[in-house]
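1. need a 3D model of the following:
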Amino acid sequence: MDVNPADAGYKDAQLISLNMRLRERLAGVPGVEAASFSQNGIYSGRNYSTHFDADGFYNADQRTHFSTYDHVGPYFFTTAGTHVMAGRDFNERDDAGAPKVAIVTREFARRVFEGRDSVGRNIYVTTAKQTIVAYQITGVVQDIRNDVRRPQPMFYLCQLQTLSQAFSTRFLVRTRLAPSAVIPSLRAAVGAEAPALHVDQIDSAEDLLDRTLATDRLMAALAWGFGVLAIVLASVGIYGLLSYDVTRRTAEIGIRMAVGAEKRDVVWLVMREAALVCGAGIATGSAVALTMARLVESLVFQMKAANPLLQVAAAIVLVAVAVRRGFPRGGQHGWIQWLRCEMSEFRIREREQRSGLKLDQHISTTLLAVVKANRGRSIRRDQVDNRKPLIFCRPDLQR
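-> Residues are numbered from 1 along each chain as shown. Purely as a prediction, here's the structure:
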């Protein structure tokens, strides 16, 4: 819930006092379990960044001495439901007269203190006035990810001590009821403090998270869409290539089967080429996919590019398309139909001249006789002499 006290005329120390009073009013609303506030809130897109140093932290890279941070109110992590892994949460006693304290995230403790106990150590924060203030770490909490892709090191200061407020206040309220049931009461509680105060914006944590993930979800949807499109294009390409090859060799296949070639031999002749095409494509595609996996994972949140199930499913689709087109439609009858309906003595001579297909003279004579005697009917294998092979002018068509 976003409230801007400056619009109502509050300034400096009045802002912090107002935040505490509003927190108490919001915590007293029926159905509210806890309430707190901060400058940046969660999943809001706001952030502070500053230079810091710490006890036992030595690194020549100055970039590691910068971290994001936030000014928060008492019991902020309890309200947010963030687990306090070590130490304690902020409370009302952490005011301007108390020792200055800070709470760090697990990622901050891991990077700065390399897994060593960080509670009780000091961090030294550079303020906006370029002064250095020491804060003692009193707690370590789980990471609250403003960037959902990866945890970032972050520390928190108590606003009762820093007395700093540059923006509107983000109030965080935990409720037992649905958000829609308590929103009117929350607005009324703010208005009861001062009529000039008003709520600029109020959202549930789920809505804020959805906005944060909107870009990632769009990227994921586009990735899925382009993946499906790639499979469709690959399937169309394989189908068209094999269709052209089978159509181009229909005459050859028909003659082979007419003169006694076994169906399994002809099927293997076609499927062997389909297997070579699919095998080469799947091997190349898998290698490229594994190479690009890290890039895809960095672009899309929780996307596992190296997914063996998806890769196997895509391979199965492509193989199914290749088998469907490469397998003879109509079987032996389908290919011999070309001979029975199209081949005649004139057509054979014409196709020989146009395509350069040369049949052995003995087989050609025998085949013509069989076609003349059986035009319109199926050809029996015992009607031709299969002892001589088919001879073609192209070496890749020889058998």
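
2. distance of Arg249 from Val321?
-> According to C-beta to C-beta, to the nearest Å, Arg249 stands 19 Å off from Val321. In short, each C-beta sits where N, CA and C put it, glycine included.

3. now do the same for Arg325: its pLDDT.
-> pLDDT for Arg325: 67.

4. between Arg249 and Val321, which one's more packed in?
-> Val321 (20 against 17; other C-beta atoms under 10 Å).

5. could you check how far the more buried one is from Ala315?
-> For Val321 relative to Ala315 (C-beta to C-beta), the value is 11 Å.

6. wait, Asn19 sits on Phe37?
-> Yes: between Asn19 and Phe37 there is a contact at 5.2 Å, judged by C-beta atoms under 8 Å.

7. give me the common contacts of those two.
-> Counting by C-beta atoms under 8 Å, 6 or more residues apart in numbering, the contacts common to Asn19 and Phe37 are 73, 159, 169.

8. ok, the first one - contacts?
-> Spelled out, that is Gly73. Applying C-beta under 8 Å, 6+ apart, the residues near Gly73 are 19-20, 23, 36-38, 90, 158-160.

9. swap the cut-off to 7 Å and go again
-> Going by C-beta atoms under 7 Å, 6 or more residues apart in numbering, Gly73 touches 19, 23, 36-38, 159.

10. kindly list the main-chain dihedrals of it?
-> phi -100, psi -180 (degrees, to the nearest 10).

11. then the last one?
-> According to degrees, to the nearest 10, the main-chain angles of Thr169 amount to phi -90, psi 130.

12. shouldn't it be in contact with Val3?
-> Yes: judged on C-beta atoms under 7 Å, Thr169 makes contact with Val3 at a distance of 5.3 Å.

13. and after the helix or strand where Leu276 lies, which helix or strand comes next?
-> Element membership for Leu276, per DSSP states H and E: helix 263-299. Note on helix 263-299: by DSSP H and E, the next helix or strand toward the C-terminus is helix 308-326.

14. do you know the pLDDT at Arg111?
-> pLDDT, Arg111: 88.

15. one more: Ala188?
-> Looking at Ala188, the pLDDT reads 90.

16. what helix or strand is it located in?
-> With DSSP H and E as the test, Ala188 turns up in helix 179-193.

17. tell me the buried residues in whatever helix or strand comes next after that helix?
-> The helix or strand immediately downstream of helix 179-193 is strand 199-201, counting by DSSP H and E. Of the residues in strand 199-201, Val199 count as buried by neighbour count, 16 or more other C-beta atoms under 10 Å.

18. contacts for strand 199-201 next, please.
-> For strand 199-201, using C-beta under 7 Å, 6+ apart, the contacting residues are 1-4, 168, 187, 190.

19. same check, this time on stretch 116-131
-> 50-56, 86-87, 102, 104, 109, 113, 132-140, 155.

20. in strands, which of those residues fall?
-> 50-54, 86-87, 102, 104, 132-140, 155 (DSSP state E).

21. among these, name the buried ones.
-> By 16+ other C-beta under 10 Å, the ones in strands among the contacts of stretch 116-131 give 52-54, 86-87, 102, 104, 135, 137-140, 155 as buried.

22. now render those residues as JSON lines, adding pLDDT and distance to Ala27.
-> Listed next are these as JSON lines, based on pLDDT from 0 to 100; distance: C-beta to C-beta, whole Å:
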{"residue": "Phe52", "pLDDT": "90", "distance to Ala27": "32"}
{"residue": "Asp53", "pLDDT": "89", "distance to Ala27": "36"}
{"residue": "Ala54", "pLDDT": "90", "distance to Ala27": "34"}
{"residue": "Ala86", "pLDDT": "92", "distance to Ala27": "26"}
{"residue": "Gly87", "pLDDT": "92", "distance to Ala27": "23"}
{"residue": "Ala102", "pLDDT": "95", "distance to Ala27": "24"}
{"residue": "Val104", "pLDDT": "95", "distance to Ala27": "26"}
{"residue": "Tyr135", "pLDDT": "94", "distance to Ala27": "26"}
{"residue": "Ile137", "pLDDT": "95", "distance to Ala27": "27"}
{"residue": "Thr138", "pLDDT": "94", "distance to Ala27": "22"}
{"residue": "Gly139", "pLDDT": "94", "distance to Ala27": "21"}
{"residue": "Val140", "pLDDT": "94", "distance to Ala27": "25"}
{"residue": "Phe155", "pLDDT": "93", "distance to Ala27": "25"}
